[in-house]
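S.K.: Pasted the sequence and its predicted model underneath.
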Amino acid sequence: MAKILLIDDEILIRKSLRRGLEKEGHYIEEASNGKEALKIIDREFELVITDIFMPEMDGLETLKEIKERYPEIKIIAISGYESEHNGNVPDFLKFAKAFGAIKVFKKPFQLAEVLEAVRTLLK
């Protein structure tokens, strides 16, 4: 199974993802923002799931830094920002794809969809 890093400032999102991923046999580490994540990313993670909007260091900056250091790491980006603001902002998930995210999900997402994406990316 895979080593996966979850980065999100919302603890309930991390708990939900962690529970689902651990049931599938993955080893999970967590960070509440990009700054924390970059302190532990030197470990050999196969996949990162990151939120876009977080305090201290956002997901786009984090994604860019991770891809520069470790281009082989697969990344899934998630964000609820657009839906919370009636779509009156740029689609930051498109930016995430441009920076190297392979899959993107808008919050609220279906856990089953994310787990299926993880299975597909780790094949």
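M.R.: Thanks, I have it.

S.K.: Of all the residues in stretch 39-53, which ones are buried?
M.R.: 41, 45-52 (16 or more other C-beta atoms under 10 Å). (Glycine included, C-beta is placed from N, CA and C.)

S.K.: likewise stretch 101-115?
M.R.: Across stretch 101-115, burial judged by 16+ other C-beta under 10 Å covers 101, 103-105, 107, 109, 114-115.

S.K.: Of those residues, which is the nearest to residue 122?
M.R.: Among those, residue 115 lies closest to residue 122 (C-beta to C-beta), at 10.7 Å.

S.K.: quick one: contacts for the closest one?
M.R.: By C-beta atoms under 8 Å, 6 or more residues apart in numbering, residue 115 lies in contact with 20-21, 24.

S.K.: ok, back up a step: could I get the buried residues of stretch 39-53 as JSON lines with secondary structure and distance to residue 5?
M.R.: Shown next, in JSON lines, are these (DSSP: H, G, I helix; E, B strand; the rest coil; distance: C-beta to C-beta, whole Å):
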{"residue": "41", "secondary structure": "coil", "distance to residue 5": "7"}
{"residue": "45", "secondary structure": "coil", "distance to residue 5": "5"}
{"residue": "46", "secondary structure": "coil", "distance to residue 5": "9"}
{"residue": "47", "secondary structure": "strand", "distance to residue 5": "7"}
{"residue": "48", "secondary structure": "strand", "distance to residue 5": "5"}
{"residue": "49", "secondary structure": "strand", "distance to residue 5": "7"}
{"residue": "50", "secondary structure": "strand", "distance to residue 5": "8"}
{"residue": "51", "secondary structure": "strand", "distance to residue 5": "12"}
{"residue": "52", "secondary structure": "coil", "distance to residue 5": "15"}
